[in-house]
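Chemist: Return a 3D structure for these sequence lines:
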Amino acid sequence: MKKYVTLVNKQNKLKQSYSRNLKLVPVKDYDGKDDFLEEETYKAYKQLKEFLYKKGIIIDLDGAYRSVEYQKEVYERFQEKLGQEDVSYRVAPPGTSEHHTGLAFDITLKIDGKYDEEEEEVATHLPIYQEIASHLSKFGFILRYPKGKEEITGYQYEPWHFRYVGEIPAKIIAQNNWTLEEYITKFSAVLYVNKPRGITSFDVVNEISDVFGIKKVGHTGTLDPLAEGVLIVTVGQATKIAELLTAEDKEYVAGVLLGIETDTLDITGTVVKNKPVNLSKDIEKVVNSFQKTYLQEVPKYSAIKVKGKKLYEYARSGIEVELPKKEVTIKKIKLLSSDNDTFMIKALVTKGCYIRSLVRDIGLALDTYATMTTLQRTKQGKIGIKQTNTLEEIKEGNLTIHTMDEVLDFPVIIVDNKLERKIKTGQKIPNNYKIKDKVIFKNTNNEILGIYKVERDKLRVWKNF
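Modeler: This is a model prediction of the structure:
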């Protein structure tokens, strides 16, 4: 995960390992002295500075990267000047300063040839600082210590202190009027991703974690590297509802090659069986016959566990085990095209169905072997391929972020402060709303407090946020 959203505050001391990969670029401060910024932060700072210059606003650095040793000097100097109580809201103790990251810096304004060097001068020019703050997110910056958020950040309002987090997090933080602390704890998103062929679902999760700078990212329904198509990804608080998004039917389009079977049941594996193709049966009729519920043997290269160990672990070790069978339902299946020993199918299946196994079974029903050559998930539940974003679009910020209440088909109820306190503490509440399954409770700020489920005549917490 990229480190641009790394949280450093009084409760989160910067890890010593952080500086190992820190690339600092030299830059002059307002007084002509050498200072340093992390390389991406430096690029964004230059863009911001040029943008503001065209608007007639001149800014320069008044402090950027600080070593722990230098921060100790700063802290002790201000401690002696202000006293312990006041310094705690003004200066970070060594090891807890954002300046250690190289992502944070202070600015000073140059007006009529003179720089703001005193807080009284800053107060006089506050409207200009506020205008600068309104443009920060375009360049990936946030105002780190905003007014009215002192209890959250632990520091007084500093209109001159900016922090680089990347454009997408900066825009989300600005839109919600959040601090960095609030972004990390409150951000929630469900993304419909068009997974490309050649990478794992875990690779997609890592890419999206980098984009948002959020560690908690998951997906609902693994797609192998060979496969592409709809992958629903949950970010932040939305990872708590992943299980509700996995229990959906899925639609696939698959390519099939007759005459061979591989150990993985797809074209990436090693051929273990082969047989000349001499079709005496109608492919379309055989394909249509699989619109049914049946016991399907899972592939030996799968994550299904037998005696606490995943099947692919046995397969890689060359250990033969009896492959379990699972009941699956093929709700719809259709032959799309065929040409000699290849054909394409579209299938709508229930959770747990392996298309690789379905292809194998169709081959056996045709008195030959078959292996899957391509796979595209075209739909998961109600989500179709046209509703997805590519990874490239997501990285560029051209994406649709879906909320939890948008993707869950549950009633939404706004509660007052009294009921909000009960929900936050996980108390049971009377089912005065005639809820039949689950309900989403929100506060008056439109924030999700929790999802409750029916238990007899009451509502019990299912997920708390």
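
Chemist: how much space between the closest residue in space to Lys428 that isn't next to it in sequence and Asn417?
Modeler: Leaving aside its chain neighbours, Lys428 sits nearest to Lys458 (4.8 Å; criterion: C-beta to C-beta, 6 or more residues apart in numbering). Any C-beta I mention is one placed from the backbone N, CA and C, and that applies to glycine too. Per C-beta to C-beta, to the nearest Å, Lys458 is found 21 Å from Asn417.

Chemist: Please say which of the two ends up with more neighbours.
Modeler: Neighbours per residue (other C-beta atoms under 10 Å) separate Lys458 from Asn417, with Lys458 holding more: 14 against 8.

Chemist: What's the separation between that one and Phe465?
Modeler: According to C-beta to C-beta, Lys458 stands 20 Å off from Phe465.

Chemist: Which stretches in the stretch 351-465 of the chain count as strands?
Modeler: Remark: strands assigned in the stretch 351-465 of the chain by DSSP state E, counting those that start in this stretch are 370-380, 383-384, 412-414, 429-430, 438-442, 448-455, 458-464.

Chemist: most tightly surrounded among those?
Modeler: Among those, strand 370-380 has the highest mean neighbour count (mean count of other C-beta atoms under 10 Å), at a mean of 22.

Chemist: what residues does stretch 234-246 touch?
Modeler: Residues outside stretch 234-246 that contact it (C-beta atoms under 8 Å, 6 or more residues apart in numbering): 186-191, 208, 212, 214, 216-221, 232, 351, 380-381, 404, 407-408, 448, 451, 463, 465.

Chemist: mind redoing it with 7 Å?
Modeler: Stretch 234-246 is contacted by residues 186-191, 208, 212, 214, 216-218, 220-221, 232, 351, 404, 407-408, 463, 465 when judged by C-beta atoms under 7 Å, 6 or more residues apart in numbering.

Chemist: how close does the nearest residue to Pro93 once chain neighbours are set aside get to Lys292?
Modeler: The shortest distance from Pro93 to any residue other than its chain neighbours is 5.9 Å, reached at Tyr75 (C-beta to C-beta, 6+ apart). Separation of Tyr75 from Lys292 (C-beta to C-beta): 72 Å.

Chemist: and if you look at Glu207?
Modeler: Distance, Glu207 to Lys292, by C-beta to C-beta: 38 Å.

Chemist: just to revisit the earlier point, quick one: contacts for the residue nearest to Lys428?
Modeler: Contacts of Lys458 were listed using C-beta under 7 Å, 6+ apart, and they are 428-431.

Chemist: which one of those is nearest Ile142?
Modeler: Ile429 (37.0 Å; C-beta to C-beta).

Chemist: The closest one and Leu459 touch, don't they?
Modeler: Yes. Ile429 lies in contact with Leu459 (C-beta atoms under 7 Å); the separation is 5.2 Å.

Chemist: Count the neighbours of Thr264 for me.
Modeler: Neighbours of Thr264 under the rule other C-beta under 10 Å: 21.

Chemist: now the one 10 residues further on
Modeler: Using other C-beta under 10 Å, Asn274 is surrounded by 13 other residues.

Chemist: If we ignore the residues flanking it in sequence, what's nearest it?
Modeler: In space, and not counting its chain neighbours, Asn274 is closest to Ile260: 4.7 Å by C-beta to C-beta, 6+ apart.

Chemist: Identify the residues contacting that neighbour.
Modeler: The contact partners of Ile260, taken as C-beta under 7 Å, 6+ apart, are 271, 273-274, 369, 371.

Chemist: got a markdown table for those, with distance to Tyr53 and pLDDT too?
Modeler: What follows is the contacts of Ile260, written out as a markdown table (distance: C-beta to C-beta, whole Å; pLDDT from 0 to 100):
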| residue | distance to Tyr53 | pLDDT |
| --- | --- | --- |
| Val271 | 65 | 97 |
| Lys273 | 70 | 96 |
| Asn274 | 70 | 94 |
| Tyr369 | 69 | 96 |
| Thr371 | 62 | 97 |
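
Chemist: Can you tell me which of those is closest to Tyr30?
Modeler: Nearest to Tyr30 among those: Thr371, at 67.0 Å, using C-beta to C-beta.

Chemist: The closest one contacts Gly259, doesn't it?
Modeler: No. Look at Thr371 against Gly259 with C-beta under 7 Å: they stay out of range, at 8.7 Å.

Chemist: Quick one, which of the strands of the stretch 351-465 of the chain gets closest to Ile59.
Modeler: Evaluated over these, closeness to Ile59 peaks at strand 448-455, with 38.6 Å, by C-beta to C-beta.

Chemist: Tell me which other helices or strands the closest one touches.
Modeler: Applying 3 or more C-beta pairs under 7 Å, 6 or more residues apart in numbering; DSSP states H and E, one finds that strand 448-455 contacts helix 417-424, strand 438-442, strand 458-464.

Chemist: Give the partner strands of that strand in its sheet and their orientations.
Modeler: Partner strands for strand 448-455, per DSSP bridges, with pairing direction: strand 438-442 (antiparallel), strand 458-464 (antiparallel).
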